[in-house]
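> Okay, structure incoming, though there's no sequence with it:
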């Protein structure tokens, strides 16, 4: 699984040659050192995930085990000289700058426990259906930390940006009448509205990490409604599990966008732009979008089929113990016809939706047993459950069973469920794999 | 499909005999008259859905075609004498009352287009897997209307209730540390906190419709966070598609809780109670909850397995044309090896999530074609897409095909998808069926 892949894949791009040359490995010479226990998926840029048997040893992932998803070389001390966070765009007369100290002293600190998942988590399973492009992630491109920072909404409010900036004064909140008959007219009316043109719809998050080949930075955008919603808890984070942000996780400042795909939790954040449009950044426009299952790299003009930018992620779960392919020795007593196989895993959903149930099957999904959910996870607030839900189960296995396939699936608080199989959600970028997770295990006594 | 079912089923209860006697049909003598085109699923209480071929004739469902889900007799003029909306509970010193005129004159009016779906929509498909209890709904227990009313959040704010009432002043917003080690301690600390005891968590919505047998009313509750969130648009509605609310749809006042299961959109609303706990009402406590697939009426103490109360619904789609079992005559031209079969349907998701894609297959789900989504639906705001997304497609069928099974599935803006099959989401109440929808069609030339 730790196959070395070529640099074109490493950059995880959709639009291939046009994306420019890839970086020489020397650009990565000043990257931080990493824990050798991490499973490396790419060396330059560095991408790695923790082994499944270590992921759930604690509710909060230790910093050194947290999965690493880098797109470019990690910024160095030299890159950070004179660092400020710059904010500009619609609703602001001029660019505003904050030093880290200003952010830390002028705004209230907040600590929240947030799980971050890569859009490509579980890609290796999807590629078994049909080849996809991208890093060959296992199922631990997901981790959880306590992030400390200041609310981006508070910072924007201090600059006079509020929910009013999302709404056209001339047209109000409702974009359009939903009547068939007048919807077209309503659209036409607005093309000339000066006030509509000043409505903020997206927040660009620009990073400091730079492609040595073309000088371009990593970047992304999130909806203004997510950003300003006090219930969405979007943070400018400077600490991770009580420590200053590690370099691999965004030092000195990182956006934490709870419930949202990792790609929008921009690391090394140095500029925020308020805009009517999504970020023009390569990774916002040409990557991290959902393609339909009927489109692949042979499809003419395949980029035309890119779906909406991935923001909130769907319900997910996976089995961490036992490992796929493992041989498990079960304890048996003479007075029962069954043995107990210990199973554990994680479940999580986007948008703050909590996990209400995890089901496990060892007969291909015909019958299911409900797992026990982690108590702390269950106590998260309605629609603000940003952290995952670890779960455990000792599942009954008939004695003398030699091999079982263990399957898990989760249900979130909107009663969304994981799909049964991967093929119908297959996409050429290998993203968003949230089908039932399966592991095969040999049993011995 | 319009099978008459016994009264025990009609009340759609989980806990059977203990729920008390059912009402004599005479209690329904003063119910309103209904459009004869509706497909009746129960006569007393009256439950009916529109025929699939009429549902999508317009984006907004005409009042007389809107599906009807009654639990009890419709309140009469006599029941409504001296009507007021009463509000009481935590955070209020005493009960407050509003006449309809006071609500209409003291608060700003708002009109929003909201799709409402019954938790039992598509139950008849689920019952084919294994018998379930409840009304035998087809796939049109879902409809869309423009609702006019006042924001419940505005009314509560006028009484001094705000987001502060959701938060304990002593403990802040974060319920619990997510650290394994101290989470138990944190829980223990709070049992004696007087301020915690005054935190509002749920809003009870009590109705006027009454069980003649025991005098009990219909009721439900929704989370306070949904209620007070200005982005959730919870309405006290007095008009439907520009007309005073029809009696079957909640005259004189109805809660509209966008993105949330029909059961919480309480009709004939006459009392609101702010509370730490969910509504004690039968339909909140013992119905409209998700059961796991491994529990049925033979399971001992089956009510112990009732999951979280259903609030936001999962992503859904269904085919409205062609009808299941129909024979369709296709136009063919001599110069092509394929014919085009017109297909149309709806898609919708809870929580304000919009529909980003609908896929259609005629080969069992091996290959998919993307449908065209309704333009007005696509223009809904991010995470405030309360209305459905009608879709159409002319799907290519090889010539001389005699029969096809058409399948649809939708993807919402959180990239949640519909599950492949019904059995793994089967539950004894036949709720929440959102598996791929399938229709079989005979083709003729």
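Perfect, I can see it now. Please read all numbers here as calculations on a predicted model, not as lab measurements.
> show me the contacts for the closest residue to residue A:403 other than its chain neighbours.
Nearest residue to residue A:403 in three dimensions, chain neighbours excluded: residue A:442, at 5.5 Å (CB to CB, 6 or more residues apart in numbering or on different chains). Bear in mind the C-beta positions are built from the backbone N, C-alpha and C, glycine included. By CB atoms under 8 Å, 6 or more residues apart in numbering or on different chains, the residues touching residue A:442 are A:325-328, A:402-403.
> now with 10 Å?
A:322, A:325-329, A:401-404 (CB atoms under 10 Å, 6 or more residues apart in numbering or on different chains).
> any idea of the pLDDT on it?
According to the prediction, residue A:442 has pLDDT 97.
> which secondary structure element contains it?
strand A:437-444 (DSSP states H and E).
> Each with direction, which strands does that strand pair with?
Taking DSSP bridges as the criterion, strand A:437-444 sits next to strand A:327-329 (parallel), strand A:403-412 (antiparallel) in its sheet.
> about what we covered before: and the residue nearest to residue A:403, how far is that from residue A:324?
To residue A:324, residue A:442 is 11 Å away according to CB to CB, to the nearest Å.
> Ok, residue A:150 next?
Separation of residue A:150 from residue A:324 (CB to CB) stands at 41 Å.
> okay, the two: which has more neighbours?
residue A:150 (22 against 17; other CB atoms under 10 Å in any protein chain shown).
> Contact partners for the nearest residue to the more buried one once chain neighbours are set aside?
Spatially, and ignoring its direct neighbours in sequence, residue A:150 is nearest to residue A:107 (3.7 Å; CB to CB, 6+ apart). Taking CB under 10 Å, 6+ apart as the contact definition, residue A:107 lies against A:98, A:149-152, A:154-155, A:157-158, A:236.
> try 7 Å this time
For residue A:107, the contact set (CB atoms under 7 Å, 6 or more residues apart in numbering or on different chains) comprises A:150, A:154-155.
> quick one: secondary structure of residue A:304?
Of the three states, residue A:304 takes helix according to DSSP: H, G, I helix; E, B strand; the rest coil.
> Let me know how buried it is, in neighbour terms.
Neighbours around residue A:304, by other CB under 10 Å: 8.
> How about the residue nearest to residue A:438 when sequence neighbours are not counted: which residues does it bridge to?
Once flanking residues are discounted, residue A:438 sits nearest to residue A:407: 5.1 Å by CB to CB, 6+ apart. According to DSSP bridges, the partner residues bridging residue A:407 are residue A:361, residue A:438.
> Is residue A:407 in contact with residue A:365, as I believe?
Yes. Residue A:407 lies in contact with residue A:365 (CB atoms under 7 Å); the separation is 5.8 Å.
> and the strands paired with strand A:437-444 as a markdown table, adding distance to residue B:411?
Shown next, in a markdown table, are the strands paired with strand A:437-444 (distance: least, CB to CB, whole Å):
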| stretch | distance to residue B:411 |
| --- | --- |
| strand A:327-329 | 37 |
| strand A:403-412 | 16 |
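> Redo those as TSV? Include mean pLDDT and mean neighbour count.
Formatted as TSV, these follow (pLDDT from 0 to 100; neighbours: other CB atoms under 10 Å in any protein chain shown):
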stretch	mean pLDDT	mean neighbour count
strand A:327-329	94	12
strand A:403-412	98	22
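> and of those, who's closest to residue B:230?
strand A:403-412 (23.7 Å; CB to CB).
> Residues contacting that closest one, please?
With CB under 7 Å, 6+ apart, strand A:403-412 has contacts from A:315-319, A:341, A:343, A:345, A:347, A:349, A:353-362, A:364-365, A:397, A:417-418, A:436-443, B:290, B:424.
> Likewise for stretch A:27-46?
Under the contact criterion CB under 7 Å, 6+ apart, stretch A:27-46 has outside partners A:1-2, A:5, A:10, A:25, A:47-51, A:54, A:64-65, A:68, A:70-74, A:76, A:135-138, A:212, A:247-248.
> cool, stretch A:80-96 as well?
Stretch A:80-96 is contacted from outside by A:97-100, A:103, A:159-161, A:165, A:198, A:200, A:252-253, A:269-276, using CB under 7 Å, 6+ apart.
> Compute the first-to-last residue distance for that stretch.
Separation of the first and last residues of stretch A:80-96 by CA to CA, to the nearest Å is 18 Å.
> roughly how far is it from the heart of the chain?
Here stretch A:80-96 shows a centroid-to-chain-centroid distance of 26 Å under the convention CA atoms, centre = their mean, to the nearest Å.
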